[in-house]
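In: Dropping a prediction and its sequence here:
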Amino acid sequence: MKEQTEIGKLKEGRYAVVDGEPCKILSIATSKPGKHGAAKSRIDVSGIFDNVKRSIVQPVSAKIYVPIVERRSAQVVSLAGNTLQLMDLKDYEMFEIEVEDASKIEAGQEIPYISSMGKRKLGI
């Protein structure tokens, strides 16, 4: 899910959708308006799920999408190698997440995760 807002209303540490990927805003630099043009903002972001750094330059009055990022908790149902089967503690939805190191995680443990635009990752 995402909603629309103006670029001039964004703040560092919040989120924006860039290239179809939910991203965290690292820095915002705004230039002064020129003789014939509007003020422009340069926004540097980092992808929440892929950690790729991106930047965009847009007029301050332009519209941009802001993703709805939810922090939730899940219980580990089972482990299979580096794949975790999790159950959301709020709506009891079952899903799987790939992790790099599953040695610290055990079945029955509650762990936080981040969900946005249909993607999920552990929030550890």
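Out: The structure has been received and is ready for your questions. Numbering: from 1, shown residues only.
In: Kindly report the domain assignment for this protein.
Out: Domain ranges of the chain: 2-67, 70-122, per automatic domain parsing.
In: Can you lay out these as a markdown table showing mean pLDDT and mean neighbour count?
Out: For the C-beta atoms, the positions are set from N, CA and C on the backbone; glycine is no exception. Converted to a markdown table, the domains of the chain look like this (pLDDT from 0 to 100; neighbours: other C-beta atoms under 10 Å):
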| stretch | mean pLDDT | mean neighbour count |
| --- | --- | --- |
| domain 2-67 | 92 | 14 |
| domain 70-122 | 89 | 13 |
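In: my guess is residue 102 meets residue 79, correct?
Out: Yes: Residue 102 is within contact range of residue 79, at 5.8 Å (criterion: C-beta atoms under 8 Å).
In: how distant is the helix or strand containing residue 46 from the center of its chain?
Out: Using DSSP states H and E, residue 46 falls within strand 40-47. How far strand 40-47 lies from its chain's middle: 14 Å, per C-alpha atoms, centre = their mean, to the nearest Å.
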